[in-house]
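K.L.:
Fold the following and give me the result.
(4 chains)
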Number of protein chains: 2
Amino acid sequence: MAETAGQRRSKTRIRILAACRQLFNERGPSSVTTAEIAATLGINEGNLYYHFQRKEQILEALFAEFENRLREAASVYQSYGDDIRRYPDYLSGWFTLMWRWRFFYRDAAAVHRLSPSLRPRLKALSDDGQNHIREALNGMQAAGLISIPEQEMEALIVNSWIVSTYWIDYLRSRHGISEVTRVHLNWGAAQVMSLFRPFLTPKWTALTETSSPPASASPEEEKG
Amino acid sequence: MAETAGQRRSKTRIRILAACRQLFNERGPSSVTTAEIAATLGINEGNLYYHFQRKEQILEALFAEFENRLREAASVYQSYGDDIRRYPDYLSGWFTLMWRWRFFYRDAAAVHRLSPSLRPRLKALSDDGQNHIREALNGMQAAGLISIPEQEMEALIVNSWIVSTYWIDYLRSRHGISEVTRVHLNWGAAQVMSLFRPFLTPKWTALTETSSPPASASPEEEKG
DNA sequence: GTCTATAATGAGATAGAC
DNA sequence: GTCTATCTCATTATAGAC
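P.N.:
The predicted structure follows:
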């Protein structure tokens, strides 16, 4: 266990994972070569293969890290208890995570091909995402923040999932934006929010105007 | 000119383009190899290279064909004159085209890499798509079929573009659907329509209930 | 027009010295 | 842990016989 932890925390290993998350988010895991990863870090390709014998293992390590972040976000959500403010904050936090690890959503086909063993976990991730939207919307409905006709609910959930998964690719393809800043992130969140807007109640408006803005993530985390 | 036309109409050339449109729609142009294209057609790779010296040229020929179909659709739309029925029919026709050539939208990054010369034409295509949505919505607004607050219009146009571009990838990644039938196509159209539904007027409902359903495309065209 | 054979490239991966 | 050198393999593309 001690040497495993030692290997897991190796400085180079951590740098590789950080660089890969950024590169994969920018151009997708299948068009980023091992040569490019090594060059980005200023290390040799052979060294890269010392830490990860297969490209597949990089994806698996990244996914494990992502799962941990998701668990953290879920426990923060729980910690709010019945505080009504948990809904906007949860949506915001969840959206930030989807953005930071967006290649797992956007390039799911490539991930499946490179790392077939991740398939069931990716499916679970995708199911969870939709269930979380559903749960949050039901909660907001019960709290009187939103009023959605029963027959519109499923279509709205699906559209939320699609827009929040692909808005970043929209920015790239339509506006040539390759580096996403907080301004773009806010734009994307507003875009998803606009799906709900026809259904928001005055109570929601009052809530979001008085609640404090969500803590901004650290800038170095922002760039990926 | 005569021999050019002769080469353009060559039977094998046409079969190559048809097979490629289908394969590219299924798995994207960059993961479909020339070996696979040749095998699908039961011809030799060398023969494939007789008709298209570079993979890039296949993409260019396919894009030219797509542009022709778009021009046809635009002229059908014009031929309706002021007939109010042009809006639902136009949306339906445009949506069918986007679906049949969806890899140009979904795999735009891969297309750019393989065929850099197509970049400006892809940009124009994307601009046109959004402008057509905008024009149709403005027309419907003027005709009293729909009532959208000014400040919601742009967000709605963007969401329409995103959902109609990526709904097919949603079906694949969330529901494992690899072969799309007319049922799925209708599902996608309904998904886009649900974005407008909060804004539809009774006049729209009356119109769509009395208008005849759009002619279904031929089944063999459906499969791509 | 179509085939066989083969070159050229580039990406993933390994062996072994340091 | 990191490097150099090398291997294997898939994919694009070409040459030339039929």
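
K.L.:
Model confidence at the residue of chain A found nearest DNA strand D, what's the number?
P.N.:
Per Cβ to the nearest atom of the strand, A:Gly46 is where chain A lies closest to DNA strand D, at 2.4 Å. Backbone N, C-alpha and C define where each C-beta goes, glycine included. With respect to pLDDT, A:Gly46 scores 97.

K.L.:
Can you give me the neighbour number for A:Asn25?
P.N.:
Neighbours of A:Asn25 under the rule other Cβ atoms under 10 Å in any protein chain shown: 22.

K.L.:
can you give me the mean pLDDT across the helix or strand harbouring it?
P.N.:
Using DSSP states H and E, A:Asn25 maps to helix A:11-27. The average pLDDT for helix A:11-27 rounds to 95.

K.L.:
Just checking the following helix or strand past it against chain B, any contact.
P.N.:
On the C-terminal side of helix A:11-27, the nearest following helix or strand under DSSP H and E is helix A:34-41. No: using Cβ under 8 Å from any Cβ of the partner chain, helix A:34-41 stays clear of chain B, with a minimum separation of 14.0 Å.

K.L.:
follow-up on the earlier one: could you list every helix and strand that the helix holding A:Asn25 packs against?
P.N.:
Packing partners of helix A:11-27 (3 or more Cβ pairs under 8 Å, 6 or more residues apart in numbering or on different chains; DSSP states H and E): helix A:34-41, helix A:45-51, helix A:55-79, helix A:103-106.

K.L.:
ok, residues contacting that helix?
P.N.:
Helix A:11-27 is contacted by residues A:7, A:29, A:32, A:36-37, A:40-41, A:43, A:47-48, A:51-52, A:58, A:61-62, A:65, A:100-103, A:107, A:178, A:223-224, B:109 when judged by Cβ atoms under 8 Å, 6 or more residues apart in numbering or on different chains.

K.L.:
Separate out the buried members of the residues you listed.
P.N.:
With neighbours counted using 16 or more other Cβ atoms under 10 Å in any protein chain shown, the contacts of helix A:11-27 contain these buried positions: A:29, A:32, A:37, A:41, A:43, A:48, A:51-52, A:58, A:61-62, A:100-103, A:107, A:224, B:109.

K.L.:
got the residues of chain A near DNA strand D?
P.N.:
Residues of chain A lying near DNA strand D by Cβ under 7 Å from any atom of the strand: A:6-7, A:10-13, A:42-47, A:49-51.

K.L.:
Quickly find the element holding the residue most central in space within chain A.
P.N.:
With distances taken as Cα atoms, centre = their mean, A:Met98 lies nearest the centre of chain A, 1.5 Å away. Secondary structure from DSSP H and E places A:Met98 in helix A:86-100.

K.L.:
Report the buried residues of that helix.
P.N.:
A:86-96, A:98-100.

K.L.:
Adding pLDDT and distance to DNA strand C, write these out as CSV.
P.N.:
Below are the buried residues of helix A:86-100 laid out as CSV (pLDDT from 0 to 100; distance: Cβ to the nearest atom of the strand, whole Å):
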residue, pLDDT, distance to DNA strand C
A:Arg86, 85, 41
A:Tyr87, 82, 41
A:Pro88, 77, 40
A:Asp89, 83, 39
A:Tyr90, 81, 36
A:Leu91, 77, 36
A:Ser92, 78, 35
A:Gly93, 84, 33
A:Trp94, 81, 31
A:Phe95, 76, 30
A:Thr96, 83, 29
A:Met98, 84, 25
A:Trp99, 83, 24
A:Arg100, 91, 22
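
K.L.:
now, among those residues, which is nearest to chain B?
P.N.:
Of all these, chain B sits closest to A:Met98, with 13.7 Å by Cβ to the nearest Cβ.

K.L.:
Quick check: closest non-adjacent residue to the closest one.
P.N.:
A:Ser164 (5.8 Å; Cβ to Cβ, 6 or more residues apart in numbering or on different chains).

K.L.:
next one: A:Leu91
P.N.:
With Cβ to Cβ, 6+ apart as the criterion, A:Leu91 has its nearest non-adjacent residue at 6.2 Å, and that residue is A:Ala136.

K.L.:
tell me, how many neighbours does A:His132 end up with?
P.N.:
For A:His132, the count of nearby residues is 19 (other Cβ under 10 Å).

K.L.:
swap in A:Tyr170?
P.N.:
Neighbours of A:Tyr170 (other Cβ under 10 Å): 20.

K.L.:
Who are the contact partners of the residue lying closest to it once chain neighbours are set aside?
P.N.:
Setting aside the residues directly before and after it, A:Tyr170 is nearest to B:Ile162 in space (Cβ to Cβ, 6+ apart), at 5.2 Å. Contact partners of B:Ile162, counting by Cβ under 8 Å, 6+ apart, are A:162-163, A:166-167, A:170, A:191.

K.L.:
how close does B:Ile162 get to A:Ser147?
P.N.:
Going from B:Ile162 to A:Ser147 by Cβ to Cβ, to the nearest Å gives 24 Å.

K.L.:
And for A:Val158?
P.N.:
Following Cβ to Cβ, the distance that separates A:Val158 from A:Ser147 is 19 Å.

K.L.:
Compare the two and say which is more crowded by neighbours.
P.N.:
For A:Val158 versus A:Ser147, the count of surrounding residues by other Cβ under 10 Å is larger for A:Val158: 19 against 13.

K.L.:
Mind checking what secondary structure that one has?
P.N.:
helix (DSSP: H, G, I helix; E, B strand; the rest coil).

K.L.:
so which helix or strand takes in the closest residue to it other than its chain neighbours?
P.N.:
Nearest residue to A:Val158, sequence neighbours excluded (Cβ to Cβ, 6+ apart): B:Gln191, at 6.2 Å. According to DSSP H and E, B:Gln191 maps onto helix B:182-196.

K.L.:
Now do the buried residues in that helix.
P.N.:
B:184-185, B:187-189, B:191-196.
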